[in-house]
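Colleague: below are the sequence and a predicted model for it; my questions follow.
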Amino acid sequence: MVHSVTEIRRPVRRRLKRIVQKSPDKEHARRALAILQLYALRGCVTAAAAAVCAARSSVQRWRSLYESYGEDGLVPQPKGRTDWKASAAVWSALRQLLAGTPRDHGYLRSRWSSELLAVVLHRQSGLHVHATTVRRWLQRLHYGWRRARPTLCIRDPRKLQRMQAIAAALADSTPGTEVFYEDEVDIHLNPKLGHGWMPRGQQTAVPTPGQNRKAYLAGALHAHTGRVITVAGERKDSLLFIHLLYQLKRTYRAARRIVLILDNYKVHDSVLTRRWLARNPKFQFVFQPAYHPWVNRIERLWKQLHDTVTRNHRYPTLPALMTAVRRFLRVCQPFPGAQPGLATAA
């Protein structure tokens, strides 16, 4: 006998009391309480069983587990049959399969199914398992059936140079220098569909006008203050972009230099834009790396705009929708920091 229920040290008693008070496992707490009762009653199994409302045989079994294994012996074991097939070697083989694709093993499928995983495991190790068992193993390995994200294999050779230029622009604290993130966004009369709360088994119907109409916004987000300046137009062209530059020039008259961090959209380097810049040398463009939209923080503003206003909207006309968009642009400042999702419609 390694441990005795009649001679339990004080730190052990404290840990057992903590298990009784805070353990989410009721069976574990009940066993710990039985051991504490045995200690208080000097090992009387009958009285301890009556105190915890358990059979004498159960208390005697818990006592034997504690005396043989200590506190670890009181932890309840999982109920049901032991999954003897779920060995570390099998799980390692399953992880290796999931790191590749079925095409690597000569199959037509582009992604793994639980049935195909079971077939390949049988072919590699001779292990017979059902697809349901494979899905249960995947859950235990913290794998889920989720949507993949696209990524481009194309790399911008100027990425390092452009990222350094963006970092230098953001770190520039010269008086009279204003730094902005700039981008354009489309506003569709046909609503963007998205998730929402609805009864299980039913989909909420969102009415659409049928023929889509569009409006366009060009916006600039101040990199330090979070102020947002936008202009709207019926076409996403150089004139819309130049209109935004003119608004920035009027708003920041005292600025000696206005730096814009922007993507490689063609209107940012068109003939009309270059002509306007030649007459306004205070503007400086810093282009972000190609295929790196997450570098531009104003993309977060557009996402918030869609989540708040345009997704699943029910505005019948484009002017009504644009009224809501303008309301959002007023209440979202400074961005981030404000809570436009809690704003009222008026």
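Modeller: On my side now, so go ahead.
Colleague: where in the stretch 51-200 of the chain is pLDDT low?
Modeller: 80-84 (pLDDT under 70).
Colleague: where along it do the strands fall?
Modeller: For the stretch 51-200 of the chain, strands defined by DSSP state E, counting those that start in this stretch occupy the ranges 177-188.
Colleague: can I take it that residue 300 is in a strand?
Modeller: No. Counting by DSSP: H, G, I helix; E, B strand; the rest coil, residue 300 is not found in a strand; it is helix.
Colleague: how about it: what's its closest non-neighbour residue?
Modeller: Ranked by C-beta to C-beta, 6 or more residues apart in numbering and with sequence neighbours excluded, the top spatial neighbour of residue 300 is residue 336, at 7.1 Å. Where you see a C-beta, it was placed from the backbone N, CA and C, and this is true even at glycine.
Colleague: for the one you found, give its distance to residue 304.
Modeller: Look at residue 336 and residue 304: by C-beta to C-beta, to the nearest Å, they are 8 Å apart.
Colleague: what of residue 150?
Modeller: 22 Å.
Colleague: next: residue 343.
Modeller: 11 Å.
Colleague: between these two, which one's more packed in?
Modeller: Ranked by neighbour count (other C-beta atoms under 10 Å), residue 343 and residue 304 place residue 304 first, with 17 against 14.
Colleague: and the angle from the host helix or strand of the more buried one to strand 177-188?
Modeller: In this structure, residue 304 is located in helix 298-305 according to DSSP states H and E. With axes from the mean of the first three to the mean of the last three C-alpha atoms, to 10 degrees defining the directions, helix 298-305 sits at 40 degrees from strand 177-188.
Colleague: residues in contact with stretch 221-228?
Modeller: With contacts defined as C-beta atoms under 8 Å, 6 or more residues apart in numbering, stretch 221-228 is touched by 170, 178-182, 219-220, 261, 297-298, 301, 329, 332-337.
Colleague: do the same with stretch 305-324
Modeller: Here stretch 305-324 has contacts from 185, 187-189, 191-194, 196, 204, 206-207, 209, 213-215, 232, 325, 328-329, 332, 340-341, 345, using C-beta under 8 Å, 6+ apart.
Colleague: which of the residues you listed count as buried?
Modeller: Using 16 or more other C-beta atoms under 10 Å as the burial test, the contacts of stretch 305-324 include 185, 187, 188, 189, 191, 215, 232, 325, 328, 329, 332, 340 as buried.
Colleague: now the fifth one, nearest residue through space, not along the chain?
Modeller: So the one you mean is residue 191. Spatial nearest neighbour of residue 191, excluding adjacent residues (C-beta to C-beta, 6+ apart): residue 313 at 4.7 Å.
Colleague: please enumerate the helices of the stretch 151-300 of the chain.
Modeller: For the stretch 151-300 of the chain, applying DSSP state H, counting those that start in this stretch gives helices covering 159-171, 238-251, 271-279, 298-305.
Colleague: how distant is the first one from the center of its chain?
Modeller: To tie it back to what came earlier, the one meant is helix 159-171. 27 Å (C-alpha atoms, centre = their mean, to the nearest Å).
Colleague: and what of the second one?
Modeller: Relative to its parent chain, helix 238-251 has a centroid offset of 35 Å by C-alpha atoms, centre = their mean.
Colleague: okay, it in CSV with CA atoms only?
Modeller: Extracted in CSV, the C-alpha atoms of helix 238-251 (Å, rounded to 0.1, in the frame of the first residue of the first chain):
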residue,chain,number,x,y,z
SER,A,238,-9.1,58.1,-63.6
LEU,A,239,-11.5,61.0,-63.1
LEU,A,240,-12.8,59.4,-59.9
PHE,A,241,-9.3,58.9,-58.6
ILE,A,242,-8.3,62.5,-59.5
HIS,A,243,-11.4,63.7,-57.7
LEU,A,244,-10.2,62.0,-54.6
LEU,A,245,-6.8,63.6,-54.9
TYR,A,246,-8.4,67.0,-55.3
GLN,A,247,-10.4,66.4,-52.1
LEU,A,248,-7.3,65.5,-50.2
LYS,A,249,-5.6,68.6,-51.5
ARG,A,250,-8.5,70.8,-50.4
THR,A,251,-8.7,69.1,-47.0
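Colleague: helices or strands up against it?
Modeller: Packing contacts for helix 238-251, counted by 3 or more C-beta pairs under 8 Å, 6 or more residues apart in numbering; DSSP states H and E, involve strand 177-188, strand 214-222, strand 228-233, helix 271-279, strand 283-287.
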